[in-house]
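In: generate a structure from the sequence data that follows.
(chains A, B and C)
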Amino acid sequence: MIPEIGHFSLILALLVAIVLGSFPIIGASRSNMVWMGLAKPLVRIQFLLIAFSFVCLAYAFAANDFSVVYVANNSNSTLPLEFRIAAVWGGHEGSLLLWALILSVWTVAVSLFSKHIPDDMRARILGVMGLISVGFLLFMLFASNPFERLLPAAIDGRDLNPLLQDPGMIFHPPMLYMGYVGFSVAFAFAIAALLGGQLDAAWARWSRPWTTLAWVFLTLGIMLGSNWAYYELGWGGWWFWDAVENASFLPWLVGTALIHSLAVTEKRGSFKAWTVLLAICAFSLSLLGTFLVRSGVITSVHAFASDPSRGVFILAFLVVVIGGSLALFAWRAPIMGRGGKFDVVSRESFLLANNVLLAVAALSVLLGTLYPLFLDALNFGKISVGPPYFDAVFAPLMAPALFLMGIGPIARWKDASLPELAMRLRWAFGISIATAIILPLILGNLTPMIGLGLFLAFWVFATSAEMVYQRLRKSEQPLIVRIKSNSRSWWGMVIAHLGIAVFTLGVTIVKGFESEIAVKMFPGDVAHLAGYDFTFDGVKNSQGPNYESSLGQVHVTKNGVLRTILEPEKRLYTVTNMPMSEAGISPHFIHDLYVSLGEPLEDGAWSIRIYYKPMVEWVWGGCLMMAFGGLLALSDRRYRLKKRAENMEKISTKEVSE
Amino acid sequence: MKRALIPLVIFLIVMGFLFKGLFLNPREVPSPLVGKPTPQFNLPRLDNPEKEFSPKEMLGKVWLFNVWASWCPACRDEHPILVELSETGFVPIVGMDYKDTRQEALQWLQNGGNPYTVTAVDADGRVGIDYGVYGVPETYVIDKAGVIAYKQIGPVTYESLRDKIIPLIKRLQAQ
Amino acid sequence: MKLRFTFQLIAALLLLQSLNSYAREAQPLETNAAVEVQVQRLSEELRCLVCQNQTLADSHAGLAEDLKQEIRAMATKGMTDQAIIDYLVARYGDFVRYKPPLNPLTAILWIGPFGLLLAGGIGLFIMLRGRQKMAVNLPLSAEEASKVSELLNKES
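Out: Residues are numbered from 1 along each chain as shown, chains lettered A, B, ... in the order given. A predicted model of the protein is given here:
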């Protein structure tokens, strides 16, 4: 009964979404207040209906209702409750429902925090988000119904893929979707502006916090995914340039360009065309990612079970939404105008270069991801494009962007002076070059890539330090006051940029200096790596809720002193008969020690791999800093609604000087 | 206005490719061995491990080379079709038992019928690698000169026989 | 006589005891370290054909293990990286390489990103220079000047 109610709720939501996607938009062009006013209540009703539907599906999982196909395919009675709930989004149909739910959440949020936006614009924004919702609800109801019944009911389910039975599954997809779907807000703002013909600095200001928030979620979502892969997959890797990973990285790259571009449009009125195009592209890439994962067009460990007919539906949806918005862009391009003048050397031009670099990087990742498909479609055979390609191409493309990150924030708006900048940054440059050469030599391995990575990381550290120092030293007041006199927006930028430097440093060091050994160990044997001694204490067998476990113990000593005890585990999940390796990891500021159990060998020994991963935690620490920087920028007083009116005057003069 | 159309045009081109992609199979790996001489080997025979089989024995004839295993579910699907084909005498079928045990292989042939004029045993899969085998079943059409003319990835079906394999064999036999 | 035997026995026992108190060194899984480095390097660049997008290094599938053994055998014989890759490509095609070869088919793939970068950079430069010229105020013709004042008067 409950699945049917959930299904019905979804149908009602579709009807609401259809009204939401049409009346307010038409009403905006006709200045019909009633039709525009429909948006707010409809948005809330839509949210309630979809949320209710979601709860019904979750209930079906919690209650082990195996008469629902989706539940039978993705769950099992021995699956612990938290994973049964996470399994709601473990498969294609349920993840679509999650998509729709999160979209309705963002839509409600926009309707709540948009009192300062003109009525017609708000109506259009909510209307566009309603249209997107229509697409997803239609798709679910006609091609991917999560509530489809299985009669007669299965006795028990197929179980959730063991790889997904992990806390990561509880957090990573929702966080990621919050990001993906969040870019629909920036998209809706852009479309609304194109439709209404109002593309100005005010539009950019309203758009910016939503975009930054989506970007923060996406950053965290990707970070969680990477971290999860690291400790779950058992071989110490954390990024594979898999098609689906790329599908989440592409909107991130474009989203980063977008937040920078919005900053310029807000402050200087320039880059309007760029900003609108980037907003359309960011969300389009989110949608493209949705397509890639579900259509069977690419092979990926992340891909859902594929079906060409579903793929055709999503493709049609993409053509309508993205094609429509790009056509609208082309049609309305003349109204966007040019914006202010700025010099060849100016903060604007540096940010424009940044846009170009990020766009080229995104296009390159897209090219690499789709190239095998291009060749195959043209009957030129099959090739694979993997990490060796992306690593070789991406790093050189990002290097100039990282370099610019040190210069851009210091350059003046409109007209800056290269000699002046060079003068100001000469110490930072010197320190970075020196560190880039000396540090690897001390650590024992100097290669061009390591040198480049270290140079860029320290360049950003040094230039940020210089910038902060210059900002803070000019006054006599206590430090706290001086810090507070710079806006949160500015501090957010500093911290986010430092986060990128931290990330770059982590990646460079771990890739340049990591090591591993593969050994055969009997209980009592000791292996050595990176100055540590790893003694294998043996394996204990036990029974988990839905798996058999062989829990190993390895104690780590250095110079005879016990440092840590690692517990790598090998599990065999009973329902799917899939083996899983849970690594034993000792995370640490400066390095991780990582042990994974291989196979039991005939004579009672185990094959074991031991990894030394220097500074790998900085990879995710950097991402956390980026997200924190974004959140800090969001909490800037100019977005706080109450203080808005009072501070209008103060803020506008401040921005010009930043 | 013209320049602003570029993103739309690029997008539509990409969509065209993606549409085509829906009907392709990204996991199917075409073989670079088509058009090349069939790799040589000397493997023990399943019926009599003392004796060996080599592709040289089949020179001058068009033949099918079918890689199978008793543990392979898809092989079960194609087996009756192969048995039927062998009964017509249209083309000799040589089997290669891939990474299997003799006992189970013999049992399998006993249960399902034996369409093979002879079966070679590739116990460790090394010959399979030479043939670019990555999954079972796979079937090769080899011509009179010992050149691989076609590789069927996955089970042989009535459609693939009708549309590709049998016409090809007829052409090769007429040469 | 008995005393010497006892001493020898005690010495032997002590020796055995001291041997036991040393933890045994773990043996590497494979004996030839140099070969293993090459096998690992190649396995990380080659694709497992039966997996959902994994390298040979990360995969435990049967075919992956077989191919790794094959690579090990070739590496032990002293074959170079390129020779081993060519061997596998001859049998499985370019699909097995995660690093695409550079040939006319993949030219766009390899050169594309840098071509785009170059094009982007040039485009940027041209656009920036164009902006400088655009902002230079061209004097209005008499006709345009009167139109402007007309419009201005209309507004007020």
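
In: okay, CA-based contacts and neighbour counts for the rest of this
Out: Fine.

In: grab the most central residue of chain B for me.
Out: For chain B, the residue nearest the mean C-alpha position is B:Thr139 (1.5 Å; Cα atoms, centre = their mean).

In: cool, chain C as well?
Out: Nearest to chain C centroid, counting by Cα atoms, centre = their mean: C:Glu45, 6.9 Å.

In: how much space between the closest residue to A:Asp592 other than its chain neighbours and chain B?
Out: Leaving aside its sequence neighbours, A:Asp592 sits nearest to A:Lys613 (Cα to Cα, 6 or more residues apart in numbering or on different chains; 5.0 Å). Going from A:Lys613 to chain B by Cα to the nearest Cα, to the nearest Å gives 33 Å.

In: which residues in the chain form strands?
Out: All of this refers to chain A. A:515-521, A:526-529, A:532-543, A:547-558, A:561-566, A:569-573, A:578-582, A:584-586, A:591-600, A:606-614 (DSSP state E).

In: not quite, go with chain C.
Out: Using DSSP E, strands in chain C cover C:27-28.

In: tell me how it divides into domains.
Out: Chain C breaks down by automatic domain parsing into domains covering C:33-99, C:105-155.

In: of all those, which one is nearest A:Gly37?
Out: Checking the domains of chain C against A:Gly37 by Cα to Cα gives domain C:105-155 as the closest, at 32.7 Å.

In: returning to what we had before: dump the residue contacts of the residue nearest to the centre of chain C.
Out: With contacts defined as Cα atoms under 8 Å, 6 or more residues apart in numbering or on different chains, C:Glu45 is in contact with A:387-388, C:55-56, C:97-99.

In: which ones among the residues you listed map onto helices?
Out: Using DSSP state H, the subset of the contacts of C:Glu45 located in helices is A:387-388.

In: the residue nearest to the centre of chain B touches B:Cys75, doesn't it?
Out: No. Using Cα atoms under 8 Å, B:Thr139 is not in contact with B:Cys75; the gap is 10.8 Å.

In: residue nearest the middle of chain A, spatially speaking?
Out: A:Leu218 (2.8 Å).

In: and the residue in chain A that chain B sits nearest to, how far is that from B:Arg3?
Out: Residue of chain A nearest chain B, by Cα to the nearest Cα: A:Ala330 (4.7 Å). Distance, A:Ala330 to B:Arg3, using Cα to Cα, to the nearest Å: 8 Å.

In: ok, those two, which is more surrounded?
Out: A:Ala330 (20 against 8; other Cα atoms under 10 Å in any protein chain shown).

In: rewinding a little: so what's the closest residue to the residue of chain A closest to chain B other than its chain neighbours up against?
Out: Sequence neighbours aside, B:Ala4 is the residue nearest to A:Ala330 in space, at 4.7 Å (criterion: Cα to Cα, 6+ apart). Contacts here follow Cα under 8 Å, 6+ apart; on that basis B:Ala4 touches A:329-330, A:333.

In: likewise A:Ala583?
Out: Counting by Cα under 8 Å, 6+ apart, A:Ala583 touches A:231-234, A:567-569, A:594-597.

In: can I get the residues you listed in JSON lines with pLDDT?
Out: Formatted as JSON lines, the contacts of A:Ala583 follow (pLDDT from 0 to 100):
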{"residue": "A:Tyr231", "pLDDT": "86"}
{"residue": "A:Glu232", "pLDDT": "84"}
{"residue": "A:Leu233", "pLDDT": "81"}
{"residue": "A:Gly234", "pLDDT": "74"}
{"residue": "A:Glu567", "pLDDT": "94"}
{"residue": "A:Pro568", "pLDDT": "94"}
{"residue": "A:Glu569", "pLDDT": "93"}
{"residue": "A:Tyr594", "pLDDT": "94"}
{"residue": "A:Val595", "pLDDT": "94"}
{"residue": "A:Ser596", "pLDDT": "92"}
{"residue": "A:Leu597", "pLDDT": "91"}
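
In: give the contact list for A:Val276.
Out: A:190, A:329.

In: and residue 150, how many neighbours?
Out: The chain I'm using is chain A. Neighbour tally, A:Leu150, other Cα under 10 Å: 14.

In: I was after chain C.
Out: 11.

In: average model confidence for the helix ranked longest in chain C?
Out: Longest helix in chain C by number of residues (criterion: DSSP H): helix C:107-135. Helix C:107-135 shows a mean pLDDT of 87.

In: ditto for stretch A:326-340
Out: 85.

In: repeat that for stretch A:241-251.
Out: Rounded mean pLDDT across stretch A:241-251 is 95.

In: any buried residues in that stretch, and which?
Out: A:241-251 (16 or more other Cα atoms under 10 Å in any protein chain shown).

In: of all the residues in the stretch 1-150 of chain A, which one is nearest chain C?
Out: For the stretch 1-150 of chain A, Cα to the nearest Cα, closest residue to chain C: A:Gly91, 16.4 Å.

In: you'd agree that residue is up against A:Ala303?
Out: No. Counting by Cα under 8 Å, A:Gly91 does not reach A:Ala303; the two are 9.5 Å apart.

In: can you lay out the contacts of C:Glu45 as a markdown table showing neighbour count and distance to A:Asn577?
Out: Converted to a markdown table, the contacts of C:Glu45 look like this (neighbours: other Cα atoms under 10 Å in any protein chain shown; distance: Cα to Cα, whole Å):
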| residue | neighbour count | distance to A:Asn577 |
| --- | --- | --- |
| A:Pro387 | 19 | 30 |
| A:Pro388 | 17 | 33 |
| C:Thr55 | 24 | 22 |
| C:Leu56 | 26 | 22 |
| C:Arg97 | 26 | 30 |
| C:Tyr98 | 23 | 29 |
| C:Lys99 | 20 | 33 |
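
In: distance to A:Ala186 and pLDDT for the contacts of C:Glu45 - can I get that in JSON lines?
Out: Below are those laid out as JSON lines (distance: Cα to Cα, whole Å; pLDDT from 0 to 100):
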{"residue": "A:Pro387", "distance to A:Ala186": "31", "pLDDT": "95"}
{"residue": "A:Pro388", "distance to A:Ala186": "34", "pLDDT": "94"}
{"residue": "C:Thr55", "distance to A:Ala186": "37", "pLDDT": "93"}
{"residue": "C:Leu56", "distance to A:Ala186": "41", "pLDDT": "94"}
{"residue": "C:Arg97", "distance to A:Ala186": "39", "pLDDT": "95"}
{"residue": "C:Tyr98", "distance to A:Ala186": "36", "pLDDT": "96"}
{"residue": "C:Lys99", "distance to A:Ala186": "36", "pLDDT": "96"}
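
In: list the contacts of the closest residue to chain B within chain C.
Out: Proximity to chain B, evaluated over chain C using Cα to the nearest Cα, is greatest for C:Arg91 at 4.7 Å. Contact analysis of C:Arg91 by Cα under 8 Å, 6+ apart lists B:31-33, B:129-132.

In: likewise C:Pro28?
Out: A:517-520.

In: in the sheet, which residues pair with it? Tell me.
Out: A:Val519 (DSSP bridges).
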